[in-house]
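A.B. asks: For reference, the sequence and a predicted model appear below.
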2 protein chains.
Amino acid sequence: MPHPLPLSRQEPPPRVACSGCHLRSLCLPQGLHATAAAWLDGMVSAQLAVPRGQALLRAGAPLESLYAVRTGFFKTRVTAQDGREQVAGFQMAGDLLGLAGIASGRHTVDAVALEDSQVCVIPFGRQLGVGADVQALQQQLLRIMSRLIVHDHGVMLLLGSLGVRERLAAFLIRLTQRLQALGYSASALVLRMTREDMGSYLGMKEETVSRAFTWLQAQGLLEVRQREIRILDPQGLQQVAAAGSR
Amino acid sequence: MPHPLPLSRQEPPPRVACSGCHLRSLCLPQGLHATAAAWLDGMVSAQLAVPRGQALLRAGAPLESLYAVRTGFFKTRVTAQDGREQVAGFQMAGDLLGLAGIASGRHTVDAVALEDSQVCVIPFGRQLGVGADVQALQQQLLRIMSRLIVHDHGVMLLLGSLGVRERLAAFLIRLTQRLQALGYSASALVLRMTREDMGSYLGMKEETVSRAFTWLQAQGLLEVRQREIRILDPQGLQQVAAAGSR
DNA sequence: CGCAGTTTTGACGTGTTTCAACTACTGTGG
DNA sequence: CCACAGTAGTTGAAACACGTCAAAACTGCG
């Protein structure tokens, strides 16, 4: 059976069970019981490969599915009516994409893969809407969204009350924490996004991001080689992030 | 039967039905059917009066209820570990308080009444968690939280990409829109919060807020007398808010 | 009436953006 | 394999927006 699709699918779609996924505890944190997990297996209809640079979501498109990142790295981007754009967040393994679209039934962000990625497709239409045993999952969704709101509060605090060096330091700390939760090193990381992306997210210009990196390096807190970052003094970085210099 | 409580309750607790509340369409927007609305009536266990200045919620306190604002005006405030504070939002009739606490089971913000207010108490504990007919309401909650996330994205965009005058203009526009949805005038409003509160929310100092007001007034867009604002040129204000001057 | 909190205004300092040039990488085709 | 172009990142100097510090005017309240 021939493939009418472009070559975006790298492998034949493997029907992977959530209950066996090593990211299970991330997608579905605190005790989602066996029954619910098994049910979720049915929910995830397929996996999808998204090559680097491709948009998985487009603002304005009808919300048909949510997506859970399995591997790879995404950025989401919001666009104001007047055309201003801003990176709204970065998503990695275990994160959900599309939640902001639930309210209106249409996506409100673009989600672009920053590296070749794989996502689980969670059809939202009928199933999550009127399903029978949806309770536990909806509750899970509530928690996830609540956490997102808390996170956004943190970002607003960051944008409103910190200077640029502090913002970058806080960003790096958050990022390493998330990476660490996925089993990566806490002291070495490879940034998947450009300086401009970071700047957009953190409310500063790319040149300023660059200067902030240079400064953190000069303080002996980081070692920066392009997108490869080594954190030399996590505690010192923490202190920088905490010092409201504005 | 004597009251062991402090004098925070101004009236005997009237058991008000949501289905008869004139705010119904705000708390429970798009078609929540009669059955669900009736069920919600049972959900709202009581009303509570909150005098001006009093905290209805405290960060860290266990999440026992959500609250729906019936009358009045609140601010929510987040606090970083290092003590930095920021206003995270303003809530008025029809808005829900406490959503950010669902993730952890504890409140993450302080909610302070900016004027004498009344709220509906929505016990969260068992009822919303394992209830039988919860489906529709949970779905409603999902939509509300999703909308909140979208809103927060807007605020982040504002903080990250606009100058202070633009930020204030955008804030005023949003505020009048919400007030208008409640039936108030679109061109005259009374601010319930201080300049400092606005500044905290918008990421600027109170002096800067004041200057921004003065500037908007000098442009002939507003008439400012303390907290009483008259919008003279809504369209012009819109244009200011859209012009990314940073 | 007086006092405390809020708001406004001014002068000044500094952090961030802007504009511009230059350097370091990445991938592509000769 | 190297040359090349295109993209991403760095660095510098000057402009300017916002913060800071200080003081005065206004408001509300006891």
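C.D. replies: Perfect, I can see it now.

A.B. asks: quick one: what helix or strand has the residue nearest to the spatial centre of chain A in it?
C.D. replies: The centroid of chain A falls nearest to A:Q91 when counting by Cα atoms, centre = their mean (1.1 Å). Using DSSP states H and E, A:Q91 sits in strand A:85-92.

A.B. asks: That strand pairs with which strands?
C.D. replies: Based on DSSP bridges, the pairing partners of strand A:85-92 within the sheet are strand A:65-79 (antiparallel).

A.B. asks: Only the buried residues of the partner strand, if you could.
C.D. replies: Of the residues in strand A:65-79, those buried by neighbour count under the rule 16 or more other Cβ atoms under 10 Å in any protein chain shown are A:65-70, A:72-79. Bear in mind the C-beta positions are built from the backbone N, C-alpha and C, glycine included.

A.B. asks: and what of stretch A:184-202?
C.D. replies: The neighbour-count check on stretch A:184-202 (16+ other Cβ under 10 Å) flags A:189, A:191-193, A:195, A:197-202 as buried.

A.B. asks: name the element the nearest residue to A:V240 once chain neighbours are set aside belongs to?
C.D. replies: Once flanking residues are discounted, A:V240 sits nearest to A:A169: 4.3 Å by Cβ to Cβ, 6 or more residues apart in numbering or on different chains. Taking DSSP H and E as the criterion, the element that holds A:A169 is helix A:164-181.

A.B. asks: Identify the bridge partners of the closest residue to the residue nearest to the centre of chain A other than its chain neighbours.
C.D. replies: In this structure, A:Q91 finds its nearest non-sequential neighbour in A:F74, 4.3 Å apart by Cβ to Cβ, 6+ apart. Applying DSSP bridges to A:F74 yields these beta-bridge partners: A:Q91, A:A113.

A.B. asks: Wait, a helix at A:V150?
C.D. replies: Yes: for A:V150, which was evaluated using DSSP: H, G, I helix; E, B strand; the rest coil, the result is membership in a helix.

A.B. asks: what's around it, how many residues?
C.D. replies: Close neighbours of A:V150, defined as other Cβ atoms under 10 Å in any protein chain shown, add up to 19.

A.B. asks: Surely the residue nearest to A:V240 is in contact with A:A241?
C.D. replies: Yes: applying Cβ atoms under 8 Å as the test, A:A169 and A:A241 come out as touching, 4.0 Å apart.

A.B. asks: Of the two, give the one with the bigger neighbour count.
C.D. replies: Higher neighbour count among A:A169 and A:A241: A:A169, with 26 against 22, using other Cβ under 10 Å.

A.B. asks: Quick check: that one vs DNA strand D, distance?
C.D. replies: Relative to DNA strand D, A:A169 is positioned 15 Å away (criterion: Cβ to the nearest atom of the strand, to the nearest Å).

A.B. asks: Also A:L221?
C.D. replies: To DNA strand D, A:L221 is 14 Å away according to Cβ to the nearest atom of the strand.

A.B. asks: so what pLDDT did that residue get?
C.D. replies: Model confidence at A:L221, given as pLDDT, is 96.

A.B. asks: So what does it have for phi and psi?
C.D. replies: Here is the backbone geometry of A:L221 (degrees, to the nearest 10): phi -90, psi -30.

A.B. asks: Pretty sure it sits against A:V240.
C.D. replies: Yes: proximity of A:L221 to A:V240 meets the contact threshold set by Cβ under 8 Å, at 6.8 Å.

A.B. asks: Quick check: neighbours shared by these two?
C.D. replies: Contact criterion Cβ atoms under 8 Å, 6 or more residues apart in numbering or on different chains; residues shared by A:L221 and A:V240: A:A169.

A.B. asks: Could I get the contacting residues of A:A188?
C.D. replies: Applying Cβ under 8 Å, 6+ apart, the residues near A:A188 are A:228-231.

A.B. asks: Any idea what it is bridged to?
C.D. replies: Bridge pairing for A:A188 (DSSP bridges) gives the partners A:R230.

A.B. asks: Would you quantify the distance from it to B:G53?
C.D. replies: For A:A188, the distance to B:G53 under the criterion Cβ to Cβ, to the nearest Å works out to 49 Å.

A.B. asks: now swap in A:M193 and tell me
C.D. replies: When A:M193 is compared with B:G53 (using Cβ to Cβ), they lie 44 Å apart.

A.B. asks: Next: A:E228.
C.D. replies: According to Cβ to Cβ, A:E228 stands 52 Å off from B:G53.

A.B. asks: repeat for A:G163
C.D. replies: As defined by Cβ to Cβ, A:G163 lies at a distance of 32 Å from B:G53.

A.B. asks: More neighbours: which of those two?
C.D. replies: With neighbours defined as other Cβ under 10 Å, A:G163 and B:G53 compare such that A:G163 has more, 15 against 10.

A.B. asks: which ones are touching A:L96?
C.D. replies: Taking Cβ under 8 Å, 6+ apart as the criterion, A:L96 is in contact with A:27, A:66-69, A:144.

A.B. asks: Could you rerun that using 7 Å?
C.D. replies: Contacts here follow Cβ atoms under 7 Å, 6 or more residues apart in numbering or on different chains; on that basis A:L96 touches A:66, A:68, A:144.

A.B. asks: Give me the nearest residue to the second one, chain neighbours excluded.
C.D. replies: Nearest-residue entry for A:A68: A:C120, 4.3 Å, with adjacent residues in sequence omitted and distances by Cβ to Cβ, 6+ apart.

A.B. asks: any idea how chain A splits into domains?
C.D. replies: Structural domains annotated on chain A: A:18-158, A:162-242, as defined by automatic domain parsing.

A.B. asks: Please tell me how far the nearest residue to A:L179 once chain neighbours are set aside sits from B:F213.
C.D. replies: When the adjacent residues along the chain are set aside, A:L179 lies closest to A:L189, with 5.8 Å between them (Cβ to Cβ, 6+ apart). From A:L189 across to B:F213, the span is 44 Å (Cβ to Cβ).

A.B. asks: Next: A:A93.
C.D. replies: Per Cβ to Cβ, A:A93 is found 46 Å from B:F213.

A.B. asks: Who has more neighbours out of the two?
C.D. replies: Neighbour tally, A:A93 and B:F213, criterion other Cβ under 10 Å: the higher count belongs to A:A93, 24 against 19.

A.B. asks: does that one really touch A:T71, like I thought?
C.D. replies: Yes: here A:A93 lies in contact with A:T71, judged by Cβ atoms under 7 Å, at a distance of 5.9 Å.

A.B. asks: so what's the residue nearest to A:V240 up against?
C.D. replies: For A:A169, the contacting residues are A:216, A:237, A:240-241, by Cβ under 7 Å, 6+ apart.

A.B. asks: The same query, at a cut-off of 6 Å, please.
C.D. replies: Contacts for A:A169 were tallied using Cβ atoms under 6 Å, 6 or more residues apart in numbering or on different chains; they are A:237, A:240-241.
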